[in-house]
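1. I'll drop the sequence and a predicted model, then ask my questions.
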Amino acid sequence: MIFWVAILVGAAFGAADQYLGSLRSLVTLGPWAVAVSGMSAPWLLLPFVFGCTQARPRRAMLVGLIATLSALFGYFAMTVSPMEGVALKDLPEAGAALLRSNGLVIVGGIATAPGFGFLGQRWRTDRWWIGGAVVAGAFLLEPLALLATGRLSGPGWIWLAEMAAGACLALGFLVAGSRARRGRAVLRD
């Protein structure tokens with residue numbers, strides 16, 4: 001059942017992310033929608049969350065991969081859809097061109113998704129602090145990495161919000177991890 005949920009949620013996540021990025025022309029949304037759509041950290045959180053649903057590492061890695069591949073499918077399907085102005089007759093050619101131009105993104109998703117699924121599973125089963133630190137760090141450090149490489153765009157408050165989300169995640173992981181350690185200590189005593 002979790003694999004079907006991963007497929008549906010992943011595809012919806014990817015399609016929504018692409019659609020949000022296409023709203024740049026709406027005056028009411030402005031450039032923040034494009035900036036949010038361009039964030040990488042939520043794409044890492046997706047397999048982590050699905051990995052948290054699993055008790056066994058291999059299943060966590062697999063469900064993380066399925067969620068990410070489904071998200072990529074949703075993103076690409078929305079990109080070459082009539083909603084984005086692509087005629088049905090042009091779909092095969094547009095889809096092939098999109099896949100060719102995004103090879104690095106696809107390989108990156110295939111390479112990182114199982115790892116983040118594993119980190120999610122380890123967080124669930126052991127409250128392994130490394131998983132929480134990596135996920136929170138992605139949110140905290142992405143704006144700084146983009147700034148250092150000259151690729152930070154969009155309103156500054158968006159990137160501050162992403163960093164604030166990372167700080168909240170770090171605090172949440174810290175609190176949950178310390179509670180779990182205290183609970184285990186009480187059980188041992």
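-> Perfect, I can see it now.
2. What distance separates the opening and closing residues of stretch 76-88?
-> 14 Å (C-alpha to C-alpha, to the nearest Å).
3. How about residues contacting the lowest-mean-pLDDT helix or strand in the chain?
-> Sorting the helices and strands of the chain by mean pLDDT, DSSP states H and E puts helix 32-37 at the bottom, at a mean of 87. By C-beta atoms under 8 Å, 6 or more residues apart in numbering, the residues outside helix 32-37 that reach it are 17-18, 20-21, 23-24, 26, 153-155, 157-159. Bear in mind the C-beta positions are built from the backbone N, C-alpha and C, glycine included.
4. and the helix or strand hosting Gly115, average pLDDT?
-> For Gly115, the host element (DSSP states H and E) is helix 103-126. For helix 103-126, mean pLDDT is 96.
5. So what's the gap between the lengthiest helix in the chain and the chain middle?
-> Assignment by DSSP state H gives helix 156-188 as the longest helix of the chain. Centroid displacement of helix 156-188 relative to its chain, using C-alpha atoms, centre = their mean, to the nearest Å, is 18 Å.
6. So which other helices or strands are in contact with it?
-> helix 32-37, helix 129-148 (3 or more C-beta pairs under 8 Å, 6 or more residues apart in numbering; DSSP states H and E).
7. can you pull the buried residues of the first one?
-> Using 16 or more other C-beta atoms under 10 Å as the test for burial, helix 32-37 gives 32-37.
8. The last one now?
-> Counting neighbours by 16+ other C-beta under 10 Å, one finds that the buried residues in helix 129-148 are 131-136, 138-140, 142-143, 146.
9. okay if I get the residues you listed as JSON lines plus pLDDT and distance to Ala165?
-> Listed next are the buried residues of helix 129-148 as JSON lines, based on pLDDT from 0 to 100; distance: C-beta to C-beta, whole Å:
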{"residue": "Gly131", "pLDDT": "95", "distance to Ala165": "17"}
{"residue": "Gly132", "pLDDT": "95", "distance to Ala165": "13"}
{"residue": "Ala133", "pLDDT": "97", "distance to Ala165": "15"}
{"residue": "Val134", "pLDDT": "97", "distance to Ala165": "15"}
{"residue": "Val135", "pLDDT": "97", "distance to Ala165": "10"}
{"residue": "Ala136", "pLDDT": "98", "distance to Ala165": "9"}
{"residue": "Ala138", "pLDDT": "97", "distance to Ala165": "10"}
{"residue": "Phe139", "pLDDT": "98", "distance to Ala165": "5"}
{"residue": "Leu140", "pLDDT": "97", "distance to Ala165": "9"}
{"residue": "Glu142", "pLDDT": "97", "distance to Ala165": "10"}
{"residue": "Pro143", "pLDDT": "96", "distance to Ala165": "11"}
{"residue": "Leu146", "pLDDT": "95", "distance to Ala165": "15"}
